[in-house]
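Chemist: here are the coordinates; sequence isn't available:
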């Protein structure tokens, strides 16, 4: 089950990498910087509300393991309703959000201009993106990995084609990249809704529609998603600080860090693929109250995570410089990125435990511990970044990110026995 999810996941950062590569072959580094800042804002929002996927998979898998088909049906409706509400609120607040972002981020005038254009176009895709998160999480909970793979590959392929068309044929530059994402996301939502409709037709239906608004289930859903949101604020704030501090180092270093950042994103999504499989597989064990199966499957999950981490290291070590050259043709950006290439090569070593334990904790729906350990790791990151950046410059940024990932993994490992006792 893990490999299809990993494949589906790594298609997601491919979209951002292609966006960077498309503008990376325009003549100025501020185009890359603009997409970096614009994409960072969306990553902040998307990751913040990734609870719609993370908070759907575990409970759906638990309901499936317990044989509760009514709750399985209710989960997707609740998640889609929540996605629509959140997406609408973000669209309504788009101007204050972009104003606040550039009050915090000290970027050049060119970067700010194009990043603002990018954001104000792509923000209209929010309901589609969040709805797709809910749909993908629900299918993972059903152990259906083929449908999410189809949806994500379709969205990313369409996005790539449209981005190339809009930028190199129509010459829309940065707005063309944003428009491509907007169109592709809504096309993906329509495909996802059709897939949900087909799946619901095949599920048992006992007619208990009141389950959709069951107070206990709604309270549980809000609690789980609330913990995940607070946890995710820390995750996306790390990226936000990383890009904001990169912008202070100049357009070239910002562009270089944006290129290198995609290596970290590919690693995180590959490891998240294993974590998503863990949520579905281990969640069923939790629903059956089968601790021995939970422990056995968890060991398998960690083995797969180790394999994925090693594969990432080998690929980056062998092909890293070629990937940088593919993503940008600007000589100074290539040189700046090459100077720090060894950080993405080593970063999977720091990431494996953090991402895999996320899947284990989500399967058990023990989100409060996830939240608290994440806050502690983020505190370590802030101490490192404000201590080391003045001393080491860009290297200090990368050390802080590594410290954050290591801190997450260590803390989740320390508290795991407490989780296991509750299964």
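Modeler: Received it, and whenever you're ready, just let me know what you need. The structure displayed is predicted, hence computed values, not measured ones.
Chemist: Give me the secondary structure label for residue 171.
Modeler: Here residue 171 is recorded as coil under DSSP: H, G, I helix; E, B strand; the rest coil.
Chemist: measure it to residue 165 for me?
Modeler: Separation of residue 171 from residue 165 (C-beta to C-beta, to the nearest Å): 11 Å. All C-beta atoms are positioned from the backbone trio N, CA, C, and that covers glycine.
Chemist: So these two - more neighbours on which side?
Modeler: Higher neighbour count among residue 171 and residue 165: residue 165, with 14 against 8, using other C-beta atoms under 10 Å.
Chemist: What number of neighbouring residues does the closest residue in space to residue 293 that isn't next to it in sequence come out with?
Modeler: Excluding its sequence neighbours, the residue lying closest to residue 293 (C-beta to C-beta, 6 or more residues apart in numbering) is residue 285, at 4.4 Å. Residues lying near residue 285 (other C-beta under 10 Å) number 23.
Chemist: Can you name the residues that contact the spatially most central residue of the chain?
Modeler: Centroid-nearest residue in the chain: residue 47, 5.2 Å away (criterion: C-alpha atoms, centre = their mean). The contact partners of residue 47, taken as C-beta atoms under 8 Å, 6 or more residues apart in numbering, are 232, 235-236, 239.
Chemist: which of the residues you listed are buried?
Modeler: 232, 235-236, 239 (16 or more other C-beta atoms under 10 Å).
Chemist: With respect to residue 329, which of those is nearest?
Modeler: Closest approach to residue 329 among those (C-beta to C-beta): residue 239, at 25.2 Å.
Chemist: How confident is the prediction for the closest one, by pLDDT?
Modeler: On the pLDDT scale, residue 239 is placed at 79.
Chemist: for the protein, what are the low-confidence residue spans?
Modeler: 1-40, 43, 105-108, 205-214, 216-222, 225 (pLDDT under 70).
Chemist: residues near residue 199, how many?
Modeler: 18.
Chemist: how far does the helix or strand that it is a member of sit from the chain's center?
Modeler: For residue 199, the host element (DSSP states H and E) is helix 173-202. Mean-position distance between helix 173-202 and its chain equals 17 Å (C-alpha atoms, centre = their mean, to the nearest Å).
Chemist: For that helix, name the packing helices and strands.
Modeler: For helix 173-202, the packing partners by 3 or more C-beta pairs under 8 Å, 6 or more residues apart in numbering; DSSP states H and E come out as helix 2-24, helix 29-48, helix 69-92, helix 109-122, helix 126-141, helix 146-164.
Chemist: can we see that at 6 Å?
Modeler: Packing contacts for helix 173-202, counted by 3 or more C-beta pairs under 6 Å, 6 or more residues apart in numbering; DSSP states H and E, involve helix 109-122, helix 126-141, helix 146-164.
Chemist: Tell me which stretches of the stretch 201-350 of the chain form helices.
Modeler: With DSSP state H, counting those that start in this stretch as the criterion, the stretch 201-350 of the chain has helices at 215-248, 251-288, 291-327, 331-339, 342-363.
Chemist: Could you point out which of those helices sits nearest residue 386?
Modeler: Once C-beta to C-beta is applied to the helices of the stretch 201-350 of the chain, the stretch that comes out nearest is helix 215-248, at 9.5 Å.
Chemist: okay, now residue 347: neighbour count?
Modeler: Neighbour count for residue 347, taken as other C-beta under 10 Å: 22.
Chemist: Pull the contacting residues for it.
Modeler: Contacts for residue 347 (C-beta atoms under 6 Å, 6 or more residues apart in numbering) come out as residue 264.
Chemist: And it, how far from residue 67?
Modeler: Here the criterion is C-beta to C-beta. By it, residue 347 lies 41 Å from residue 67.
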